[in-house]
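Student: What follows is a predicted protein model with its sequence.
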Amino acid sequence: MDKRNSKYRWLVFGSVLFTYLLMASQRTAPGLITDQLMRDFHVTASTIGLLTSIQFFVYTSLQIPMGILADRYGPNFFLIVGATLTGLGTIIYSVGTHEVVLFFARILTGVGDATIWVNMVLILAGWFHTKEFVRLIGLAGMTGSLGFLLATVPFSAWIHLLGWRTAFFSAGILLCLCGILLYFVLVKKAKKIFVEEPVIIIEEVQREKTSVILLRIFSSRQAWALFFCHFGVVGGYVGFISSWAVPYGMNMYDMTRSEASQLIMVGLIGALIGAPLASWISSRIGMIKRPYIVIQLTVLSGWFTFLICKGYPSLYLLILLFFIIGIGYGASALTFAAVRQSFPLKESGIVSGFANTGGFLSAVLLPIIFGYILDYFQATSGNVGNGYYYGFIAPVIFSVIGLLGVFFMKEKPQPS
C-alpha cells in the first residue's frame, strides 16, 4: 500500500500535530510566571532571561545534528523520545526548589523540543505528496501558534486554579502520554501496514557521506538565505512572548497577568491566521519569495513602530501591532515550504534544521538582550519604560536581517 495515498496518513498527521501543540505550549508557558519565579527564587531579570534562553539555546544547537540523525535513521524514534523528554523536563520544572533545578529542567525540555519540528517536517514529507505538503506545512505552523495560544489565557487559568507547580506537572504527564501514543501510531501500527519503506529510505540516505552534504549546504546561498529569513521573523516574536510580553503589559499598561496574556493572545490569533493564509497564497500563485518579502516588511514595520512610539503605543495600536507581528510569525512556515522545493528529500532534514537554527538563534538572543537592558536601566535610572524602549531595538535589527535574507533567496520551481 502506498502510504501517501492511504487514509492512515491522516491519523499520523493528527497524532503528530497534537503532540506539537502540547510541546509548543511549553516553550512560552514559563513566561506566564516570570514575576512569580523572580519572587519565589529571588532572581534578577537577567537570570530569568537566561533561564528562558537556555531552552532555546539547546534547541538551536541541536537542530543541525537532529537533521543529520533524522535523515540517516528516520524521524519516528527521535520524535517519540523528544515528546517523552519534554514531558519529563516539564515535570522536573514543576517540582524544582532551586534555580539550578529549573535550568536543568529547561535544558531537558530543550533537548526534547529540538526533535519536534525537523522530524515533523520529514514525517509529513514522507506521508504526503509535495502539493499537499505545501498546504499542510501552514497547518503545522498554525498548530505551533495554537500551542502558544494554549499557553496564554487557558494555561493562565489552569495556573490560577491549581497553582503553577500542579499545572506544569499535569502538562508534563500529558506529554509523556503523547510519547506513548506516537509509538503506537508511528511504529507499532505502521509497521504492520507499511513494511518495506523504512529500508528503502535508509539505503537512499546512506549513498552520500554526511560531511559532503554538510559542506554543500553550508556553502549554499539558498540555505543561508533561508537561515536569515527564519532569524528575522521567529526570534523577535518567540523570544519576546516567552519571557517579557506579560511583564511588559503588566509594567507599562498596569494590566493583570490575565489581561496581559489576553493581549499576547491577539498576536497568537494573528499567527493562527498567518500560517495557513501565507501557505494558501503561496500555493495559489506558485511563488514563495514575493509573499515572504511582504511578510518581512510588515514585521519590520511592526517592531519599528514600537520605537516610534517610545516603547508605549496606544492600547489599540498595541493590539494591532501584536496581531501584525503574529501574522508574520505564522507565515514563517514558508521557510520550510522553500526548503522542500529547493532541496532533495534526502537533505530536507539537515536543511530544515539549519534554517530552524536561524529562527531559534534569535529566540536565544532576544530574551538575554532584553533582560540585560532592563536590568541596566533599572539599576541606573529606575525607569523600566526606557528599558523596554531600548529593548525594542533588538527585534528591529533582527527584522532587517530577515528582510535581507528573503531578498537573497532564490525562487525555485516546485518539484512534481
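Tutor: Arrived safely, thanks for sending. Residues are numbered from 1 along each chain as shown.
Student: drop to CA atoms for contacts and neighbour counts, all remaining ones
Tutor: OK.
Student: so where's this protein uncertain?
Tutor: Counting by pLDDT under 70, the chain shows low-confidence ranges at 1-2, 130-131, 134, 194-208, 242, 412-416.
Student: Select the longest helix from it.
Tutor: Secondary structure of the chain per DSSP state H: the longest helix is helix 348-380.
Student: what's that one packed up against?
Tutor: Applying 3 or more Cα pairs under 8 Å, 6 or more residues apart in numbering; DSSP states H and E, one finds that helix 348-380 contacts helix 45-61, helix 63-73, helix 116-127, helix 221-241, helix 334-342, helix 384-391, helix 393-408.
Student: export the longest one as PDB, just CAs?
Tutor: Only the C-alpha atoms of helix 221-241 are listed here, as PDB (Å, rounded to 0.1, in the frame of the first residue of the first chain):
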ATOM      1  CA  ARG A 221      23.500  30.700  -0.800                       C
ATOM      2  CA  GLN A 222      19.900  29.400  -0.600                       C
ATOM      3  CA  ALA A 223      20.400  27.600   2.700                       C
ATOM      4  CA  TRP A 224      21.900  30.800   4.300                       C
ATOM      5  CA  ALA A 225      19.100  32.900   2.800                       C
ATOM      6  CA  LEU A 226      16.500  30.600   4.500                       C
ATOM      7  CA  PHE A 227      18.600  30.700   7.700                       C
ATOM      8  CA  PHE A 228      18.400  34.500   7.800                       C
ATOM      9  CA  CYS A 229      14.700  34.600   6.700                       C
ATOM     10  CA  HIS A 230      13.800  32.500   9.700                       C
ATOM     11  CA  PHE A 231      16.100  34.500  12.000                       C
ATOM     12  CA  GLY A 232      14.200  37.700  11.200                       C
ATOM     13  CA  VAL A 233      10.600  36.600  11.900                       C
ATOM     14  CA  VAL A 234      10.800  33.900  14.600                       C
ATOM     15  CA  GLY A 235      13.200  35.200  17.300                       C
ATOM     16  CA  GLY A 236      11.600  38.600  18.000                       C
ATOM     17  CA  TYR A 237       8.200  37.100  18.400                       C
ATOM     18  CA  VAL A 238       9.000  33.800  20.200                       C
ATOM     19  CA  GLY A 239      11.800  35.300  22.300                       C
ATOM     20  CA  PHE A 240       9.600  38.200  23.400                       C
ATOM     21  CA  ILE A 241       6.400  36.400  24.300                       C
END
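Student: what about the spatially closest residue to Thr357 that is not a sequence neighbour, neighbour count?
Tutor: Excluding its sequence neighbours, the residue lying closest to Thr357 (Cα to Cα, 6 or more residues apart in numbering) is Thr60, at 4.9 Å. The tally of other residues near Thr60 (other Cα atoms under 10 Å) stands at 27.
Student: got the contact list for Thr60?
Tutor: Contact partners of Thr60, counting by Cα atoms under 8 Å, 6 or more residues apart in numbering, are Ala114, Asn356, Thr357, Gly358, Phe360, Leu361, Val364.
Student: What's the separation between the fifth one and Gly235?
Tutor: Using Cα to Cα, to the nearest Å, one obtains 6 Å as the distance from Phe360 to Gly235.
Student: now do the same end-to-end measure for stretch 373-387.
Tutor: Start-to-end, stretch 373-387 (Cα to Cα) is 6 Å.
Student: Go through it and flag the buried ones.
Tutor: Buried residues in stretch 373-387, counted by 16 or more other Cα atoms under 10 Å: Ile373, Leu374, Asp375, Tyr376, Phe377, Val384, Gly385, Asn386, Gly387.
Student: isn't the last one right up against Gln378?
Tutor: Yes. Taking Cα atoms under 8 Å as the definition, Gly387 is a contact partner of Gln378 at 7.5 Å.
Student: so which of the buried residues of stretch 373-387 would you say is closest to Gln26?
Tutor: Here the nearest of the buried residues of stretch 373-387 to Gln26, counting by Cα to Cα, is Leu374; it sits at 24.3 Å.
Student: ok, now how distant is the residue lying closest to Ser243 once chain neighbours are set aside from Val81?
Tutor: Spatial nearest neighbour of Ser243, chain neighbours left out: Gly31 (4.6 Å); criterion: Cα to Cα, 6+ apart. Distance, Gly31 to Val81, by Cα to Cα: 25 Å.
Student: Give me the more crowded residue out of these two.
Tutor: Gly31 (26 against 21).
Student: So that one is in contact with Phe240, correct?
Tutor: No. Assessed by Cα under 8 Å, Gly31 is found out of contact with Phe240, at 9.2 Å.
Student: what distance separates the longest helix of the chain from the centre of its chain?
Tutor: 12 Å (Cα atoms, centre = their mean, to the nearest Å).
Student: Convert stretch 261-277 to CSV, retaining C-alpha atoms only.
Tutor: Coordinates of each C-alpha in stretch 261-277 appear next as CSV, following Å, rounded to 0.1, in the frame of the first residue of the first chain:
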residue,chain,number,x,y,z
SER,A,261,-2.0,37.1,28.5
GLN,A,262,-5.1,38.2,26.6
LEU,A,263,-3.0,40.8,24.8
ILE,A,264,-0.5,38.2,23.8
MET,A,265,-3.4,36.1,22.6
VAL,A,266,-4.1,38.7,20.0
GLY,A,267,-0.6,38.0,18.5
LEU,A,268,-1.3,34.3,18.5
ILE,A,269,-4.6,34.8,16.7
GLY,A,270,-2.6,36.6,14.1
ALA,A,271,-0.1,33.7,13.9
LEU,A,272,-3.1,31.3,13.5
ILE,A,273,-4.3,33.3,10.5
GLY,A,274,-0.8,33.9,9.1
ALA,A,275,0.4,30.3,8.8
PRO,A,276,-2.4,28.9,6.6
LEU,A,277,-3.0,32.2,4.8
